[in-house]
Each structure stands twice: as C-alpha cells, then as structure tokens.
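>>> mind folding the following:
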Amino acid sequence: MAEIVIVPDAATAGGLVADEIVRLVRARPDAVLGLATGSTPLPVYEALRPRLAGIDVSRVRGFALDEYVGIAADHPESYRSVIHREVVEPLGLDPALVRVPDGSLDGIEHAGDDYERAIEAAGGVDLQILGVGTDGHIGFNEPGSSFGSLTRVKTLTEQTREDNARFFDSVDDVPRHCITQGLGTILRARHLVLLAFGSGKAAAVAGAVEGPVTASLPGSAIQLHPHVTVVVDEAAAAQLRFADYYRYTFANKPDWQGL
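Take a look at the predicted model:
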C-alpha cells in the first residue's frame, strides 16, 4: 500500500519531498530524478534550491515525464523549456544530463524507443515525481492507458487540453499530441512520489489510492508499485476514507525511514 502523507499546504509538501531528494543525492551523487512539469511539483523545486546549496549536483541526472509533439523546443511552454527554467537553471544541474522526450516531428516514430533506451542506459530512475490530473492521468497517460505501456505518442483528451490551456493563449494553442513515459516506464522507477493539492484533485487522489486498480484511472497504477509516497494537502485528501489512519501512521513513523 502507498504511504499517504497529509500536510497542511503545498509548501510543507514541497519541503518534505525536497528533504528526501537531498538525502538521495547525498547518498548517490549521480542520482537519477524523474521530473514532472506543471504547477504541482513547483513547491518541491522551490524548496530544493536552498537545500541543495553547497551540495555537488554536477552528476545528478534527470528524465522528464513527457513533452508536447510538434511544439518548437524553444517555445516557452515546451517541457524542455519548462524543465530548464524551473529545474535545471535554478538548481544548478548540468543541462547535458537532463533529458526530455523528443517531440519534434522528425523522428517521432522512434522517439519513444530512444527515450526508453536512454533511461535504461542511465540505470533507471531513482525517484520519480508525479502529479495527477483531474481525470486521474499521470504523465500524459490518459484513461485507458495500458499498465504495461512504454514511452510513446498519445492523443490528449479535451479535458487535459482545457486543463493545460492556462499555460497558453487559448486552448486552441495546446497541442493535441504528446510523447509520454508509459505507465510501465513509470512503474520501473525505484520510488514514486505523487503530489496533489486542492479540492479539484480529491476524487482523483481517492480513486488512485483507495479505488480499484483500473486503466480507467491511470493513477491507480501506483498501487502496483512497492515504494510509493503520496503527499497531499487537506483539500486533496478530503475524499480519503482512511485519512485518520494515514495521519496516525505518518505521525508515528520512525525518522530514519524517510519518505
């Protein structure tokens, strides 16, 4: 069962996850991080900046979850640009060691296989940061995605495009296709950390954590993983049936275990 950590707010969540990442990097200077985009992981990246001060991160590697297809790499909302702006630059990572799926149309047919080989060559992801969509998607694995799926091109649902329209001038500017790590790819990471904030994510969180394991709610795939930490604020935890139990177990967890 996933460990569920309920915190007062997103800033507290960011600090907890950042502490775990710092512990990982201290233990393994060439750690491989799985990087998510969007607003959800921002508190983690913001909390990491002061915590990594004085720590050698020159060997830390990273793999982004996904990218839009057909968007220019230097577009401000390409995930290559976002990862560089929000993670690589502020944390002082080596840009050459941080990979993003190639969403360019030239070579898109084999871009997924190329990315899978790159992750494998790096030894796999040590800690994968995840968000969850209002429809339960993780990465860009929309409802119906296979639990065995690998990095591939997918068609975005209208709901996901509408959710992401806030980053563009209009929903018409949001690409219709993406290249995303598959659920099978994500499940190979050694530690999954899923974050969710706000009441709009409450149903998706409850379904992913306590509902049936089903392709109709891709986030429920985390129930198949041996090491999952779900960090949510009170609003996102509102529909969890066993919230009191989660609070009790985390409050009484030995400090040495970390997340």
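>>> pull out the buried positions in the helix or strand of the chain with the lowest mean pLDDT.
The weakest-scoring helix or strand in the chain, judged by mean pLDDT, DSSP states H and E, is helix 158-164 (a mean of 85). Buried residues in helix 158-164, counted by 16 or more other C-beta atoms under 10 Å: 160, 161, 163, 164. Where C-beta positions appear, they are placed from N, C-alpha and C, glycine not excepted.
>>> now stretch 243-257
Going by 16+ other C-beta under 10 Å, stretch 243-257 has these buried residues: 243, 246, 247, 250.
>>> span of it from start to end?
Length of stretch 243-257, first residue to last, C-alpha to C-alpha, to the nearest Å: 21 Å.
>>> same check, this time on stretch 50-64
22 Å.
>>> and it, what's buried?
Buried, per 16+ other C-beta under 10 Å, within stretch 50-64: 51, 52, 57, 60, 61, 62, 63, 64.
>>> can you map out the helices along this protein?
10-27, 42-51, 79-83, 89-91, 108-121, 158-164, 183-187, 202-210, 243-251 (DSSP state H).
>>> quick check, nearest of the buried residues of helix 158-164 to residue 73?
residue 164 (17.8 Å; C-beta to C-beta).
>>> quick check: the closest one vs residue 108, distance?
20 Å (C-beta to C-beta, to the nearest Å).
>>> isn't residue 126 right up against residue 35?
No - judged on C-beta atoms under 8 Å, residue 126 makes no contact with residue 35 at a distance of 12.0 Å.
>>> more neighbours, these two?
residue 35 (25 against 21; other C-beta atoms under 10 Å).
>>> residue contacts, residue 183?
138, 139, 141, 145, 146, 147, 148, 149, 218, 221 (C-beta atoms under 8 Å, 6 or more residues apart in numbering).
>>> cool, and residue 61?
Residue 61 neighbours (C-beta under 8 Å, 6+ apart): 30, 31, 32, 33, 97, 98, 99, 122.
>>> ok, the last one to residue 97 distance?
Residue 122 sits 9 Å away from residue 97, taking C-beta to C-beta as the criterion.
>>> repeat for the second one
Separation of residue 31 from residue 97 (C-beta to C-beta) stands at 11 Å.
>>> list residues touching both of the two?
With C-beta under 8 Å, 6+ apart as the test, residue 31 and residue 97 both reach 60, 61.
>>> which of these two has more residues huddled nearby?
The residue with more neighbours, out of residue 31 and residue 97, is residue 31; 20 against 17, by other C-beta under 10 Å.
>>> in this structure residue 145 contacts residue 185, no?
No - using C-beta under 8 Å, residue 145 makes no contact with residue 185, being 11.1 Å away.
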